[in-house]
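1. Below: sequence and its predicted model.
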Amino acid sequence: MKTCGVVFALFLMLSAPSWASTYTATSCSQSAVNAVINGPTHTAVDGDTIVIPAGTCTWTSTISVPSNIGITITGYGTPNSGSSTTGAASSCTQTYILDNAGNSSFLFAFSPEYGNSTTRLSCMAIDPATTGSLALYAVAGIEGTCTSSGCPQLRVDNLTFGKTNPWTETNNGSNSDEIIHVNDAFGVLDHNTAPSGNGIALFIAELESYLGVGDNGDNSWAQPNSLGGANNIFAENNLWYTDFHSLNDCEAPLPWGCRVVIRYNSYNPSSAGSFGIAENHGTDTTGRGRSGREMEVYDNNIDCPLICSSVDGGLRGGTALVFDNTVTLTAGQGASQWFGISLYRTVLNNNSFGACGGDGPWDKNDNVIYYNGTLTSTSGGGGTAITAGDSTKSWTTNQLVPSGDPYTFYDVTQGFWLEIASNTSDTFTTAPEISEEEVTANVGDSYQIIRASLCIDQPGRGTGAYLSGNSTACSETFNSAPSSTSGSPCGYPNQALEPIYQWGDSKTGPANVNAPIQSGSGKIIDYRDYYTQASGIQTSSSTPFSCNGSTGGVGWGTLADRPSSCSGACSANTPGCGYFATDQGSQGTLYVWESGAWTTYYQPYTYPHPLEQGVAPLSPAPPTQNQPTVQPLQ
């Protein structure tokens, strides 16, 4: 009887209300469509389907769907679904909307809540109203309301952007860089197309109040990862040509703990230096928001006709699983790396958390001033690495850059921090600067050598203590046990090691990918914070991957060819090296070496996404005991 009750309750939750129906607008005009969503013809209720007829119409303002419901808005045509097609259906361009709504509002605005029907936007073409300069906002905004049980579901599919008039940052402004904005919702963006000539990303995804708790992405960082689970925004089977950085970018207005899965897409960057198919920003963007939390990037086809900075993308915080992507490279071009890792806060001081150098309360600091003095020589800076000296010192070579734990140069006079990359007996050279923080040291500046061994939300880290409050003011000069100032806890949140794993990526064409993963910080190192692929698929239990810390950090092949055990660097940390068994589970299984044994770590989520089949997946909350107590915002 209990089982029947659960099934019946689930059926009620996932089914549209009995009074929901389908309403067709009298034309594609904005007024006609609004009339069947907000009256007078009909006011939409949860579960409604609104059909926009074929035709070409210019819209000049937002259509806002009534709050706290889920409805479908679809144009005329037959959408693509499933794994057999990529990009929007050709019939889904008959409803053609020209956007002239300005640069401060979405064309479609949805505000669903958990427990109601799936929000869907489907089967139409949407272009800027002109090919010239026209400042616009993103096409659609989905601002959900989560509860402890989950977040609202969405599907955005079979949309063509830039069918005739291309979308570009140059012509349409930075507010339209990412064409779909999602916050506090889970679901899938599938079978969408941006033809050649466009310059936009498909989406940004944020989790400001993950599972209905807190703000700023704090709860996404306090809860377990959802790798292989439903609690993500998925992008799959999209066909995307762009001169923009990536298919997605967890960036604006803030990353807010985003969780994304980028899979089975065709991505075609047209500009040199592409950042790859997926990227997120860290806890380094101006404001209080937390870094992107996690990403999965797999089974994508990428075409780099010019030099690509990264192929699969990169991150500035959190964890990632990156595998089985294929890139086509052009002769004389190539790519710098498969995946890039950056830690801007070792340099950057323009955000609420400040620089990660050794004297801020949010990082794991040594609480020691190791050396201090006055600079007697300087060179570089202003966009390049700084070399500075103190003739009174006698360090040993590279004493200040122990593996995975480099020291920081703090220029007390100028008030900036830079990670140290190398040193001689009486000089040190910093890591390269970034464009957002170009500084210069001068002879006579007072300095300190201090250190933060871990930065909050840095790449390769995951679940930690819950933080709250909009203020980041703390009374401590150095890190100490968590305390509270004005309701805002202070101290490093003791984040678990959640390494980045990369395997099975391959290339075609005469050029090469120069490296598997490159880290922009000495705090993020191989065989601890990330593990890169072996040289090829496994042919025996020791070739090419032996799991001894010298032949790549991740192997892949059949389970029978998995090494029996791991040693050396592969077993020095928990979790350690990985092995992806291609014949285990419906899409393979990643095992990691933990505490002397292989442990199941990850299986890819159901593909195609269940929402493509009209089935709403469950988005369960983590265990109740892990839920933080909500503290008042300041």
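-> That came through, no problem.

2. all strands of the stretch 151-300 of the chain, in order?
-> Counting by DSSP state E, counting those that start in this stretch, one finds strands in the stretch 151-300 of the chain at the ranges 153-161, 178-183, 186-190, 193-194, 201-206, 233-236, 239-242, 259-263, 266-269, 278-279, 294-298.

3. Could you identify which of those is most buried?
-> Mean neighbour count (mean count of other Cβ atoms under 10 Å) peaks for strand 278-279 among those, with a mean of 30. Just so you know, the C-beta spots here come from the backbone N, C-alpha and C atoms, and that holds for glycine as well.

4. does Gln538 sit in a helix or strand, and which one?
-> Gln538 belongs to no helix or strand when assigned by DSSP states H and E.

5. same question but for Leu134, I mixed them up
-> Applying DSSP H and E, one finds Leu134 in no helix or strand.

6. For it, grab the count of nearby residues.
-> 17 (other Cβ atoms under 10 Å).

7. dump the residue contacts of it.
-> Counting by Cβ atoms under 8 Å, 6 or more residues apart in numbering, Leu134 touches 100, 128, 171-172.

8. What of Phe244?
-> So Phe244 contacts 169, 177, 198-201, 269, 271 (Cβ under 8 Å, 6+ apart).

9. repeat that with 6 Å
-> 199-201 (Cβ atoms under 6 Å, 6 or more residues apart in numbering).

10. Looking at the residues you listed, which one is closest to Ser403?
-> Ala201 (35.7 Å; Cβ to Cβ).

11. what residue ranges in the stretch 51-200 of the chain score low on pLDDT?
-> Judged by pLDDT under 70, the stretch 51-200 of the chain has no weakly predicted residues.

12. all helices for it, in order.
-> 169-172 (DSSP state H, counting those that start in this stretch).

13. repeat for the chain
-> Assigned by DSSP state H, the helices in the chain fall at 2-14, 30-35, 169-172, 218-222.

14. need the contacts of Leu134 in JSON lines with neighbour count and distance to Val297, can you?
-> What follows is these, written out as JSON lines (neighbours: other Cβ atoms under 10 Å; distance: Cβ to Cβ, whole Å):
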{"residue": "Asn100", "neighbour count": "16", "distance to Val297": "35"}
{"residue": "Pro128", "neighbour count": "23", "distance to Val297": "29"}
{"residue": "Asn171", "neighbour count": "18", "distance to Val297": "29"}
{"residue": "Asn172", "neighbour count": "27", "distance to Val297": "27"}
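
15. okay, among the residues you listed, which ones form the most distant pair?
-> Using Cβ to Cβ, these span at most 13.1 Å, a distance reached by Asn100 and Asn171.

16. Throw the strands of the stretch 151-300 of the chain into CSV and include distance to Ser111, thanks.
-> Shown next, in CSV, are the strands of the stretch 151-300 of the chain (distance: least, Cβ to Cβ, whole Å):
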stretch, distance to Ser111
strand 153-161, 11
strand 178-183, 10
strand 186-190, 15
strand 193-194, 26
strand 201-206, 14
strand 233-236, 17
strand 239-242, 27
strand 259-263, 20
strand 266-269, 30
strand 278-279, 26
strand 294-298, 25
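
17. closest to Thr384 out of those strands?
-> Across the strands of the stretch 151-300 of the chain (criterion: Cβ to Cβ), the nearest stretch is strand 278-279, sitting at 24.4 Å.

18. helices or strands next to that closest one in the packing?
-> strand 308-315 (3 or more Cβ pairs under 6 Å, 6 or more residues apart in numbering; DSSP states H and E).

19. Can you spell out which helices and strands pack onto the strand it packs on?
-> strand 278-279, strand 335-341.

20. could you give the angle of it to strand 335-341?
-> Angle between the axes of strand 308-315 and strand 335-341 is 10 degrees (criterion: axes from the mean of the first three to the mean of the last three Cα atoms, to 10 degrees).

21. ok, residues contacting strand 308-315?
-> Under Cβ under 6 Å, 6+ apart, the answer for strand 308-315 is 246, 273-280, 297, 302, 322, 325, 327, 335-340, 459.

22. Please produce a ChimeraX select command covering the buried subset of the residues you listed.
-> Command for ChimeraX that selects the buried part of these, burial taken from 16 or more other Cβ atoms under 10 Å:
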select :246,274,275,276,277,278,279,280,297,302,322,325,327,335,336,337,338,339,340,459
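
23. right, and Asn158 touches Ala125 too?
-> No. Contact criterion Cβ atoms under 6 Å: Asn158 and Ala125 do not qualify, at 9.8 Å.

24. Make TSV out of the helices and strands packed on strand 308-315 and add mean pLDDT and distance to His181.
-> TSV is the format used below for the helices and strands packed on strand 308-315 (pLDDT from 0 to 100; distance: least, Cβ to Cβ, whole Å):
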stretch	mean pLDDT	distance to His181
strand 278-279	93	16
strand 335-341	93	24
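
25. so where's the stretch 501-634 of the chain shaky on pLDDT?
-> Scanning the stretch 501-634 of the chain for pLDDT under 70 picks out 615-634.

26. one step back: make JSON lines out of the helices and strands packed on strand 308-315 and add distance to Ile449.
-> Shown next, in JSON lines, are those (distance: least, Cβ to Cβ, whole Å):
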{"stretch": "strand 278-279", "distance to Ile449": "32"}
{"stretch": "strand 335-341", "distance to Ile449": "24"}
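
27. right, and these - which one's nearest Thr558?
-> strand 335-341 (23.3 Å).

28. Render the CA-only coordinates of the closest one in CSV, please.
-> Taking C-alpha atoms only, strand 335-341 is exported to CSV below (Å, rounded to 0.1, in the frame of the first residue of the first chain):
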residue,chain,number,x,y,z
ALA,A,335,45.3,23.8,-29.3
SER,A,336,47.2,24.6,-26.1
GLN,A,337,45.4,22.1,-23.9
TRP,A,338,42.4,20.0,-23.5
PHE,A,339,41.2,21.7,-20.3
GLY,A,340,42.4,24.8,-18.5
ILE,A,341,42.5,25.6,-14.7
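
29. who does it touch, helix- and strand-wise?
-> Looks like strand 335-341 contacts strand 308-315, strand 517-519 (3+ Cβ pairs under 6 Å, 6+ apart).

30. If we use 7 Å, what do you get?
-> strand 308-315, strand 500-503, strand 517-519 (3 or more Cβ pairs under 7 Å, 6 or more residues apart in numbering; DSSP states H and E).

31. gap between the residue nearest to Ser595 when sequence neighbours are not counted and Val443?
-> Spatial nearest neighbour of Ser595, chain neighbours left out: Thr574 (6.1 Å); criterion: Cβ to Cβ, 6 or more residues apart in numbering. Using Cβ to Cβ, to the nearest Å, we find Thr574 at a distance of 46 Å from Val443.
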